[in-house]
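# Quick check, what structure comes out for this input:
(chains A and B)
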Amino acid sequence: MSRRDILAGLVLLVVLLAIPRILGGTYILDLGVLTFLFISQAIAWNILGGYAGQVSFGYAAFFGIGAYTTGYLWLHGWQPLLTLPLGALLAAIFSLIIGLPAFRLTGAYFVIATLAVGLAMRVVALNAEPFTGGASGLTLPTDVPGKAWFYHSMLILMSGCFLISAWVRRSRFGMALMAIRLDQAAAASLGVNVPLYKNLAHTLGAVLVAIGGGIYCVYFQYIHPDQVFGFEISIGMVLMPVIGGLGTLWGPVLGGTLYYAIQDTLLTIFPFAHLLVYGLLLMVIMVIEPRGLLGFARLVRRRRPVPPAAGQRQPAVAPS
Amino acid sequence: MAQIPATQPVGARPLERSQPLLETRRLTRHFGGLRALEDVDLAVAEGEILGLIGPNGAGKTTFFNCLSGVLKPTSGEIRFRGEAVQGRLPHQLVRKGICHTHQIARPFGEMSVRENVLVGAYFGRARGEDAAQRADSALATTGLLRLAAAPAAQLTVGQRKLLEIARVLAVDPELVLLDEVCGGLNPAETAHVLDVIRGLPKRGMTVIYIEHNMRAVMSVSERVAVLNFGRKIAEGTPEEIVRNEQVIAAYLGTRPAA
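The predicted structure is shown next:
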């Protein structure tokens, strides 16, 4: 994390803490809760999908596991907050069960395997009625803290995800992930234990997503397999980093903000229009700038001659 | 002309003196019906530079891929310091001390030259000990230090080959497998790379070196082995190899009848 990243992060944090105090009202709190949740998911997914380049369409499984662990135990008298570590643990175990065989596959085959797992988990959950409530879902207790509490909880989760992501990027771990993304065979030939680091990234992301699922369950007080194991959750986690900037620190933050803003604005007016907008966004990004909106920003900035800052890494791709 | 028996060590330095660093026994690799390697016995002593030559498709790179764990041998044995290591994964063999370069250089294009070398230093045999220092030393040895901050994607072919060598140096292996590191280089670059290779035994490294450029092989190798159609057809000093009829027929071309 550069000094500029730290400064930007702190300013953003202060602004986000101030917003509900200045504007007031529950709408802004609800908007905050879900935006922070989406961003934290995007950041968590980006560790495997962005840094290591392993695109998974199965992350809804971990969101659902986190949500259902909390929901089920909450109904059985547990304190919801105390169930979060357990949900994270179960997600971690499940991520290894999936990851150990799936990472024997590469490229499109890995993507397809994760897609299958993600889709299968919803069906499994629909049929595991004693645990999940099946097609009627789980209706949960209503004695929950106020919206401000959730706003701040999700803000903490998002900040935590951001710090972890920033640390990974700078660490030896992050270097291994980047080497894997750029050339897996070359990475292995230099001693990088490719399956180990892929699994670590996969599990770290799963843990963070599951914690988000647990908090979401308490916030919403109702969970249903179609919703927490839904394909929209998985695809959202892929779209957000891609829109913002895959494999970057701030890309998922930007992408997550836009993603939820678009959905929230359009969903109520035109029920399916948000999918259309995502589709268009994706096409534009893939064609013009595969590095997402942050890539656009860099392109625009490079139009003006800027002296490279000291210690700043040079752009990897020559200006076009 | 006397033919050199393939299995008998030649020259003034008998290999039996001590245990070889690496030894293959009847190493075989088939791709379906294609016998890319067939019963190859080869040994390399510690501190040696062994040249490996042969026509295109002779099985040289397949041989390397078996040694480095990229491919599993169909049968046969690979012994490194006496321990059977066939079938292990590349990163496990790196930890044991075997590291290879790629015939077509594979830099991490989005990383800087220095970061490329740091990957080797962090994950290689020494597991990150003095990583930065070893990376800089590897860059200095290969002459890439002035390009350390440049993106690897911007390197020329010659510089990419040097980067392959620099990364291997940073890994600090005991056995280095160099696959045509002079291919596509101009004479000045070739001379530089050959100098680096000659210096490797002084750093405690043993080298097996695949090369097409006969002059290059002859100038750095004490011993040369020749593969043809997956079999070892000769082994000996460079002088013996260039006079070997079988090698001339297989590799350099048939001598005119006159």
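
# What segments of the stretch 101-250 of chain B are helices?
B:113-123, B:131-142, B:157-171, B:187-199, B:214-220, B:238-243, B:245-247 (DSSP state H, counting those that start in this stretch).

# Minimum distance to A:Leu140: which of those has it?
Nearest to A:Leu140, of all the helices of the stretch 101-250 of chain B, is helix B:113-123, at 46.3 Å by CB to CB. No exception for glycine: its C-beta is placed from N, CA and C like everyone else's.

# so that closest one versus helix B:131-142, what angle?
Per axes from the mean of the first three to the mean of the last three CA atoms, to 10 degrees, the angle that helix B:113-123 makes with helix B:131-142 is 120 degrees.

# picking that back up, please tabulate the helices of the stretch 101-250 of chain B in a markdown table and include mean pLDDT and distance to chain A as additional columns.
Listed next are the helices of the stretch 101-250 of chain B as a markdown table, based on pLDDT from 0 to 100; distance: least, CB to the nearest CB, whole Å:
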| stretch | mean pLDDT | distance to chain A |
| --- | --- | --- |
| helix B:113-123 | 95 | 4 |
| helix B:131-142 | 92 | 9 |
| helix B:157-171 | 93 | 6 |
| helix B:187-199 | 91 | 18 |
| helix B:214-220 | 85 | 22 |
| helix B:238-243 | 88 | 28 |
| helix B:245-247 | 86 | 30 |
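
# Show me what from the stretch 1-150 of chain B comes close to chain A.
B:68, B:70, B:89-91, B:94-95, B:99-100, B:102, B:106-112, B:115, B:118-120, B:122-125, B:128, B:149-150 (CB under 8 Å from any CB of the partner chain).

# Please repeat the previous calculation with a cut-off of 7 Å.
Contact residues, the stretch 1-150 of chain B versus chain A (CB under 7 Å from any CB of the partner chain): B:68, B:90-91, B:94-95, B:99-100, B:102, B:106, B:108-112, B:118-120, B:122-124, B:128.

# Tell me which of these fall in strands.
Counting by DSSP state E, the residues of the stretch 1-150 of chain B next to chain A place B:99-100 in strands.

# Can you tell me the closest non-neighbouring residue to residue 165?
I'll assume chain A. Leaving aside its chain neighbours, A:Ser165 sits nearest to A:Ile43 (4.9 Å; criterion: CB to CB, 6 or more residues apart in numbering or on different chains).

# was after chain B, sorry
Counting by CB to CB, 6+ apart, the residue nearest B:Ile165 is B:Thr142, at 5.4 Å.

# what's the span of stretch B:34-53, first residue to last?
20 Å (CA to CA, to the nearest Å).

# give me the low-pLDDT residue ranges for the chain?
Chain wasn't specified; assuming chain A. A:1, A:303-320 (pLDDT under 70).

# Hmm, no, I was thinking of chain B.
Checking chain B against pLDDT under 70 turns up B:1-18, B:128, B:251-258.

# so what strands line up beside the helix or strand harbouring B:Ala43?
Take DSSP states H and E as the rule and B:Ala43 turns out to sit in strand B:34-44. Sheet partners assigned to strand B:34-44 using DSSP bridges are listed as strand B:22-31 (antiparallel).

# got a list of what A:Gly71 touches?
Residues in contact with A:Gly71 (CB atoms under 7 Å, 6 or more residues apart in numbering or on different chains) are A:138, A:140, A:217, A:223.

# for those, which one is nearest A:Arg4?
Using CB to CB, the contacts of A:Gly71 come closest to A:Arg4 at A:Cys217, 36.4 Å.

# tally of neighbours for residue 93?
In the absence of a named chain, this looks at chain A. Residues within reach of A:Ile93, counting by other CB atoms under 10 Å in any protein chain shown, total 13.

# oops, I was thinking of chain B
25.

# Name the helix or strand for A:Ala210, please.
Assigned by DSSP H and E, A:Ala210 falls in helix A:194-220.

# tell me the angle that helix makes with helix B:113-123.
90 degrees.

# Can you list the strands that the next helix or strand after helix A:194-220 pairs with?
Using DSSP H and E, the helix or strand that directly follows helix A:194-220 along the chain is strand A:222-223. The pairing partners recorded for strand A:222-223 under DSSP bridges are strand A:138-139 (antiparallel).

# List of residues touching the strand it pairs with?
With contacts defined as CB under 7 Å, 6+ apart, strand A:138-139 is touched by A:71, A:75, A:132, A:222-223.

# do that again at 6 Å, thanks
A:71, A:222-223 (CB atoms under 6 Å, 6 or more residues apart in numbering or on different chains).

# Around chain B, which positions in chain A sit nearby?
A:172, A:179, A:182-183, A:186, A:188-193, A:314, A:316 (CB under 6 Å from any CB of the partner chain).

# rerun that using 7 Å as the cut-off
Counting by CB under 7 Å from any CB, the residues of chain A close to chain B are A:172, A:175-176, A:178-179, A:182-183, A:185-194, A:313-314, A:316.
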